[in-house]
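Asks: Just to be clear, the model below is a prediction. Sequence and coordinates:
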Amino acid sequence: MNKQYDPAQIETQAQHYWDTAGSFAVSEDSAREPYYCLSMLPYPSGKLHMGHVRNYTIGDVISRFQRMQGRNVLQPMGWDAFGLPAENAAIKRGVAPAKWTYENIDHMRRQLQRMGYGYDWRREVTTCDPAYYRWEQQMFTRLLAKKRVYRASAVVNWDPVDQTVLANEQVVDGRGWRSGALVERREIPQWFLRITDYADELLDGLDHLPGWPDAVKTMQRNWIGRSEGVELDFALADGGEPLRVYTTRPDTLYGATYMAVAADHPLALAAEANDPSIAAFLTQIRQGAVTEEAMEKLEKKGMPLGIDALNPLSGERIPVWVANFVLMGYGTGAIMAVPAHDQRDHEFAQRYGLAIRQAVGPADGSAIDVQAQPWVAKDDLVTVNAGQFTGLDFNAAFHAIADYLEAQGIGERRVNYRLRDWGVSRQRYWGCPIPIIHCPSCGAVPVPDKDLPVTLPESVEFTGVRSPLKSDPHWRHVACPSCGGEAERETDTFDTFVESSWYYARYCSPDAQAMVDERANHWLPVDQYIGGIEHAVMHLLYFRFWHKLMRDLALVKSDEPATNLLCQGMVLAEAYYQDSEQSGREWIAPDQVRVERDAKGRITTARRRDDQTEVVATGWTTMSKSKNNGVDPESLVDRFGADTVRLFTMFAAPPDQALEWQDSGVEGASRFLRRLYSVVIEHIEAGTVPAPREQSLDQAGAALRRKLHETIAKVGDDIGRRYTFNTAIAAVMELTNELTRYSESTPSARGLRQEVLEALVLMLQPITPHLSHALWSALGQDGAAVDQAWPTVDESALVRDALELVVQVNGKLRGRITVAADAAESAIREQALADENVIRFTESLTIRKVIVVPGRLVNVVAN
RNA sequence: GCCGGGGUGGCGGAACUGGUAGACGCGCCGGAUUCAAAAUCCGGUUCUCGAAAGAGAGUGCGGGUUCGAUUCCCGCCCCCGGCACCA
């Protein structure tokens, strides 16, 4: 055994052992309880970053811990390999997206292996592999047959200069990132999955997911946004198709004083053709990004179309406007506006001098002025100025008006969702081809099973101007499967959220000649899913949705894909910059900066290491290329070893909080491992340990042994229940500190030291598995650390005979008393009141009450 | 703008169910070891006053409930994540 801790050597040896022993190759085993631990698969961007390291270390710690609890653990890994960055790299460097992606995967796989994660690599999934994506193509054709898929138009960001559709991140301040042209909102035909058919099930299912964070469930509930309202027609004063709108506030219908339609609504399009000023206005408001954020922040603008509608209750003529905040694709493309009782409608009415009419007011009759500001409350209201519907509360008015509209045949009650159907079409090359053939006579025909997969050509030139799928006539032209005539393939590809919606199921049966086989039901649902909080809504909703689609095609039996979810926070680092006249702002990498401190350790200045010039510190920000503050995990592994990186990553913060990266903390983690290593070396060099261990310990020994068993209980709880790995590590460090303070060398003391060290090594196995592997055999133990059971708590070691209690006077700490563990309350009270400092603070006062909290404190209330 | 989360020493964080605020680590200060330095080891370290004992203040800001609030309630400020084509 090496005298010095040599992580490189220890880690190579441990990894070699796991490799040759096949430690992480798992198969279905009826004898052990299965445990499926899943981490979100990475996009192969080129290099592992700290966010990956954090995510995958959490997963590996949980996996190894559960294995020590006797479970048969499946922990797989794969690649979310389709996506925009490959296209961007191709434009920038002239490499084909496929080649770039495969090279990145090879590099990142090696990086993951160096970290010592216990993956079953035989199950690796790569989503850009036709052997993978053929099954989602087949699924799509099944869903089409089941009418879960449809084609409709939807709005996209259109760059009029580059003549291309832009992703939201490619729109900067309303302009195309490369052309700089003002982006237009344009409608194009796209494929949709009917996720709204599952809206109620997705919503109700959240109530049966106790293992998911409340924050995620709340965000999903709000995203689905179920509402009960009324859909109704407003007749046009001069005839024609009535305007259909949805409202959750039929009680305020008397207050509807105008209507607004989207720029692409048929009424607007008709007006555009006849009126050049409306045409100019529509051109103007069609500009800008499609995101909800952009729409909400928009300055609300509109123009009257010169058409009136009729309020169905009052019969009043109200004007129809076209407005930039109404979108055609959402709802009916038209809204009724009640400025008296809606903030946005009110602002718009004031801006354009439109009528504001009160329809409801406070039930207690207190005065409000809706001209000055809207009154939006839904509770404790009464309808006013509402004809036959006057004097009702919200519920009564809602139902009376809904009944009336239904009786008139101009409206009906409707449950509505904020959730929209999932548009899966992308106008991109590097994605899974949508298996559809467009035939002039048969329409959109699904590709038959025998012709699947529709393979994406991989050796292509990609310039970013036009998708290679569109420019390749050989790929595009094909015979119609239905009539045999000339037809064309669909050239759009799937949203990459499609691939990441079912990869977890594929891991269970990676070689199945179907999307999944019966092995999926052995492992699913996932016991623990781990990934970034940024996926709280979209990915995690599609993931749940797709599982239900698979269930309804009898591919899986469970209703939900994962029972427990852990969302980890971002990884942040300090960033530094210098501004200069010539080169503008220059971001300096943190390792190129030296900080200076005052005598109390406060940072005074930060300087560049090379020329000593001062730099500006921004504080904690997310690691990013643009700020040049990324920390490369691999170089840290080179310097300190994977165990140190794993230990620090888990120690620096609880998993669900942002992690603020500091290199000095990494050194602290490394120092702890070196210390533990030398404690073990010292112990084994002192010779063989007497066995069986004697339990005749002195007081200090009994205290250490109590600490040991308290620690085993705490660490098991912290890792297994609370997922607070940082406090688990702190407890292990405390125990190590107490062990080094214990200097007895009697045979029973050395036996105790052996017991403590064995437990320390096993408790650290999930976190620093390589070091544990080496130290476990150094301690003379058979078998590998990875295969050991979690240490058991000896309850008899936990017994205490005396306790220290805190004594407060009026809530302020005034003394401490030591009492017998089984002391009666009256005895504790007496002892507390007898404390010297307590007397000092109570002697001029009258004692009113003495509160005794067993095992914790005594509070004397006096005045 | 809307939805969700967060704010505690010089720094990362701990305090799990309303009960000792600051565990553990970093940094800093002092000491040991060393020819010297690094490494290592030992001690101290919320702030203010005090030689000390101890006292006062203190968990983003303002209020409230309670014997007792970092924890619960109301209002506000700031930071982070998401907002449907980044993944």
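Replies: Thanks, I have the structure now.
Asks: From now on I want contacts and neighbour counts done on CA atoms only, so please keep to that.
Replies: Will do.
Asks: Kindly state the beta-bridge partners for A:Val852.
Replies: Beta-bridge partners recorded for A:Val852 (DSSP bridges): A:Val858.
Asks: contacting residues for it?
Replies: Counting by C-alpha atoms under 8 Å, 6 or more residues apart in numbering, A:Val852 makes contact with A:825, A:828-829, A:858-859.
Asks: do the same with A:Val26
Replies: Neighbouring residues of A:Val26 by C-alpha under 8 Å, 6+ apart: A:72-74, A:120.
Asks: List the strands paired with the lowest-mean-pLDDT helix or strand in chain A, with their directions.
Replies: Least confident helix or strand of chain A, by mean pLDDT, DSSP states H and E, is strand A:616-622 with a mean of 75. Applying DSSP bridges, strand A:616-622 is found paired with strand A:571-580 (antiparallel).
Asks: residues making contact with the partner strand?
Replies: So strand A:571-580 is contacted by A:50-51, A:585-590, A:593, A:614-623, A:627-631, A:658-662 (C-alpha under 8 Å, 6+ apart).
Asks: still on that earlier bit, filter the contacts of A:Val852 by proximity to RNA strand B?
Replies: With C-alpha under 7 Å from any atom of the strand as the criterion, the contacts of A:Val852 include A:Asn859 near RNA strand B.
Asks: on that earlier part again, now, among the contacts of A:Val26, which is nearest to RNA strand B?
Replies: Among the contacts of A:Val26, A:Asp120 lies closest to RNA strand B (C-alpha to the nearest atom of the strand), at 21.4 Å.
Asks: wait, the closest one sits on A:Val73?
Replies: No - the criterion here is C-alpha atoms under 8 Å, and A:Asp120 misses it with A:Val73 at 9.8 Å.
Asks: the more surrounded of the two?
Replies: Taking neighbours as other C-alpha atoms under 10 Å, A:Asp120 and A:Val73 compare with A:Val73 leading, 29 against 19.
Asks: thinking the more buried one is in contact with A:Asp29, fair?
Replies: No - applying C-alpha under 8 Å as the test, A:Val73 and A:Asp29 come out as separate, 10.3 Å apart.
Asks: what's the neighbour count on the residue lying closest to A:Thr463 once chain neighbours are set aside?
Replies: Spatially, and ignoring its direct neighbours in sequence, A:Thr463 is nearest to A:Ile91 (5.2 Å; C-alpha to C-alpha, 6 or more residues apart in numbering). Using other C-alpha under 10 Å, the number of residues around A:Ile91 comes to 17.
Asks: re earlier: got the buried residues for the least confident helix or strand of chain A?
Replies: By 16 or more other C-alpha atoms under 10 Å, the buried positions in strand A:616-622 come out as A:617, A:621-622.
Asks: And stretch A:17-25, by the same measure?
Replies: Using 16+ other C-alpha under 10 Å as the test for burial, stretch A:17-25 gives A:18, A:23-25.
Asks: what secondary structure does the residue nearest to A:Thr463 sit in?
Replies: Put simply, A:Ile91 is helix when judged by DSSP: H, G, I helix; E, B strand; the rest coil.
Asks: next one: A:Glu187
Replies: strand.
Asks: How about the residue nearest the centre of chain A, nearest residue that isn't a chain neighbour?
Replies: Centroid-nearest residue in chain A, with C-alpha atoms, centre = their mean: A:Ile533, separated by 2.5 Å. Of all residues not flanking A:Ile533 in the chain, A:Cys567 sits nearest, at 4.9 Å (C-alpha to C-alpha, 6+ apart).
Asks: In terms of helices and strands, where is the one you found?
Replies: Assessed by DSSP states H and E, A:Cys567 sits inside strand A:565-568.
Asks: From A:Ala658, how far off is the residue nearest to the centre of chain A?
Replies: Distance, A:Ile533 to A:Ala658, using C-alpha to C-alpha, to the nearest Å: 10 Å.
Asks: How about stretch A:208-221 and RNA strand B, touching?
Replies: Yes - residues of stretch A:208-221 contacting RNA strand B under C-alpha under 7 Å from any atom of the strand: A:214-216, A:218-219.
Asks: Now do the end-to-end distance for that stretch.
Replies: 13 Å.
Asks: Could you do stretch A:437-451 as well?
Replies: Counting by C-alpha to C-alpha, you get 11 Å between the two ends of stretch A:437-451.
Asks: before we move on, the earlier item: kindly write the PyMOL command that selects the buried subset of the contacts of strand A:571-580.
Replies: For the buried members of the contacts of strand A:571-580, the matching PyMOL selection, counting by 16+ other C-alpha under 10 Å, is:
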select buried, chain A and resi 50+51+587+588+589+590+593+614+615+617+621+622+623+627+628+629+630+631+658+659+660+661
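Asks: so what pLDDT did A:Gln695 get?
Replies: Predicted confidence (pLDDT) for A:Gln695: 63.
Asks: Write out the residues of the stretch 451-600 of chain A neighbouring RNA strand B.
Replies: Going by C-alpha under 7 Å from any atom of the strand, the residues of the stretch 451-600 of chain A near RNA strand B are A:495-496, A:533-538, A:570, A:597-600.
Asks: downstream neighbour of the lengthiest helix in chain A in the secondary structure list?
Replies: Scanning chain A for the helix with the most residues, using DSSP state H, yields helix A:663-685. Helices and strands here follow DSSP H and E; after helix A:663-685, the next one along the chain is helix A:699-717.
Asks: Restricting to C-alpha, output that following helix in PDB.
Replies: Presented in PDB, the C-alpha positions along helix A:699-717 are these (Å, rounded to 0.1, in the frame of the first residue of the first chain):
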ATOM      1  CA  GLN A 699     -15.800   6.700  28.600                       C
ATOM      2  CA  ALA A 700     -14.000   8.400  25.600                       C
ATOM      3  CA  GLY A 701     -14.300   5.100  23.700                       C
ATOM      4  CA  ALA A 702     -18.000   4.700  24.500                       C
ATOM      5  CA  ALA A 703     -18.500   8.300  23.300                       C
ATOM      6  CA  LEU A 704     -16.700   7.700  20.100                       C
ATOM      7  CA  ARG A 705     -18.700   4.500  19.500                       C
ATOM      8  CA  ARG A 706     -21.900   6.300  20.200                       C
ATOM      9  CA  LYS A 707     -20.800   9.000  17.700                       C
ATOM     10  CA  LEU A 708     -20.100   6.300  15.200                       C
ATOM     11  CA  HIS A 709     -23.600   4.700  15.400                       C
ATOM     12  CA  GLU A 710     -25.300   8.100  15.500                       C
ATOM     13  CA  THR A 711     -23.400   8.900  12.300                       C
ATOM     14  CA  ILE A 712     -24.300   5.700  10.600                       C
ATOM     15  CA  ALA A 713     -28.000   6.500  11.300                       C
ATOM     16  CA  LYS A 714     -27.700  10.100  10.200                       C
ATOM     17  CA  VAL A 715     -25.800   9.400   7.000                       C
ATOM     18  CA  GLY A 716     -28.200   6.700   6.000                       C
ATOM     19  CA  ASP A 717     -31.100   9.000   6.600                       C
END
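Asks: Pull the residues that contact that helix.
Replies: A:727-729, A:731-732, A:735, A:738-739, A:742, A:749, A:752, A:756, A:759, A:763, A:791-795, A:797-799.
Asks: Equivalent analysis for stretch A:353-365, please.
Replies: A:251-258, A:338-341, A:346, A:348-349, A:368, A:370-371, A:375, A:380-386, A:393.
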